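S.K.: structure here, sequence nowhere to be found:
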Ligand code: ADP
Ligand code: MG
């Protein structure tokens with residue numbers, strides 16, 4: 001599914017003394033199968049934006065087209081269908097686990113879709129394994145016996161069990177230790193590869209998303225500042241610094257080296273690529289001075 005956003009504006013509590021404009025003039029298109037990172041400081045409007053993607057929030061003005069169709073113009077039935085097609089994993093989704101067993105919790109979504117028992121069971125098993133958990137070991141446990149990282153994966157499995165075409169995750173690594181964070185990010189990457197679904201990953205860490213995604217949307221104060229490939233985004237260090245977003249350390253290093261070696265590429269954001277580039281330019285392709 002492609003999502004096209006045209007001149008989207010969102011105002012909370014419009015017309016009340018608490019009126020607050022959270023999104024201004026948002027324009028973007030995501031392509032089917034793309035892995036998109038959405039980054040920006042707390043309060044920049046990330047969660048507000050993604051809640052428009054599955055119809056939880058309605059635009060105050062502007063239009064959203066899903067495969068070219070304006071859901072809000074076509075009403076109810078299509079909105080329900082949209083919620084199934086666009087799976088949204090909220091921030092700290094583990095707080096929403098509530099059933100006595102993991103299997104029941106993951107079965108909740110597909111159960112609501114009216115599938116038969118056999119189909120539900122196979123979706124539950126598949127989804128639990130997709131997030132890297134062992135079904136036989138975990139299915140009958142209470143979600144509350146699990147570690148924080150495991151609970152979060154169960155919550156993600158619950159959304160996957162509805163077989164969404166688009167998966168949106170709102171800061172899925174928040175509050176996890178570095179290991180839990182890397183595991184979840186690795187699994188999201190695998191999911192994207194295996195299922196070929198569109199993935200939108202919200203984060204406030206450039207380091208986290210730079211090496212994973214095809215495109216990055218940078219937001220500040222309710223607006224899109226840049227929307228481009230990671231290389232193009234990271235080459236605009238000044239612009240990112242102006243809104244207080246740090247780029248990966250290696251990118252800074254290359255920008256510094258560029259002062260001495262003007263031919264060096266400074267649109268690099270992974271250590272692996274940086275090593276190759278530094279060897280090429282600084283050490284002239286292997287003739288190292290030891
Ligand atoms: P982010 O996810 O980037 O942290 P949010 O989309 O949650 O940003 O919030 C954007 C702005 O909108 C913030 O200033 C926030 O305080 C405000 N906001 C969020 N939700 C509401 C709401 N329900 N009512 C009023 N203001 C809100
Ligand atoms: Mg948020």
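M.R.: Structure's in. What do you need? Keep in mind it's a predicted model, so treat the numbers as computed, not measured. Residues are numbered from 1 along each chain as shown. Ligands and ions are numbered 1, 2, ... in the order given.
S.K.: near ligand 1, which residues of this protein?
M.R.: Proximity of the chain to ligand 1 is confined to 12, 13, 20, 22, 40, 42, 43, 44, 45, 46, 47, 48 under the rule CB under 6 Å from any ligand atom. Where C-beta positions appear, they are placed from N, C-alpha and C, glycine not excepted.
S.K.: generate a PyMOL selection restricted to the buried entries among those residues.
M.R.: Filtering these down to the buried ones (16 or more other CB atoms under 10 Å) takes a single PyMOL command:
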select buried, resi 22+40+44+45+46+47+48
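S.K.: ok, the residues of the chain next to ligand 1 vs ligand 2, which is closest?
M.R.: Among those, residue 47 lies closest to ligand 2 (CB to the ion), at 3.2 Å.
S.K.: from residue 13, how far off is that closest one?
M.R.: 16 Å (CB to CB, to the nearest Å).
S.K.: in strands, which of the residues of the chain next to ligand 1 appear?
M.R.: 12, 20, 22 (DSSP state E).
S.K.: which single residue of the stretch 151-290 of the chain ends up nearest ligand 2?
M.R.: Counting by CB to the ion, the stretch 151-290 of the chain gets nearest to ligand 2 through residue 170 (5.9 Å).
S.K.: helix, strand, or coil at the residue nearest to residue 57 when sequence neighbours are not counted?
M.R.: Excluding its sequence neighbours, the residue lying closest to residue 57 (CB to CB, 6 or more residues apart in numbering) is residue 51, at 4.2 Å. At residue 51 the chain is in helix, as set by DSSP: H, G, I helix; E, B strand; the rest coil.
S.K.: please tell me how far residue 51 sits from residue 70.
M.R.: 17 Å.
S.K.: more crowded one of these two?
M.R.: residue 51 (17 against 13; other CB atoms under 10 Å).
S.K.: just checking, what packs against the one helix or strand residue 238 maps to?
M.R.: If you go by DSSP states H and E, residue 238 is part of helix 237-242. Packing contacts for helix 237-242, counted by 3 or more CB pairs under 8 Å, 6 or more residues apart in numbering; DSSP states H and E, involve strand 223-228, helix 249-260.
S.K.: helices or strands next to the last one in the packing?
M.R.: It refers to helix 249-260. For helix 249-260, the packing partners by 3+ CB pairs under 8 Å, 6+ apart are helix 237-242, helix 271-281.
S.K.: pull the distance from it to the chain's centre.
M.R.: Offset of helix 249-260 from its chain centre (CA atoms, centre = their mean, to the nearest Å): 28 Å.
S.K.: quick one, that helix and helix 271-281 angle?
M.R.: Between helix 249-260 and helix 271-281, the angle comes out at 20 degrees (axes from the mean of the first three to the mean of the last three CA atoms, to 10 degrees).
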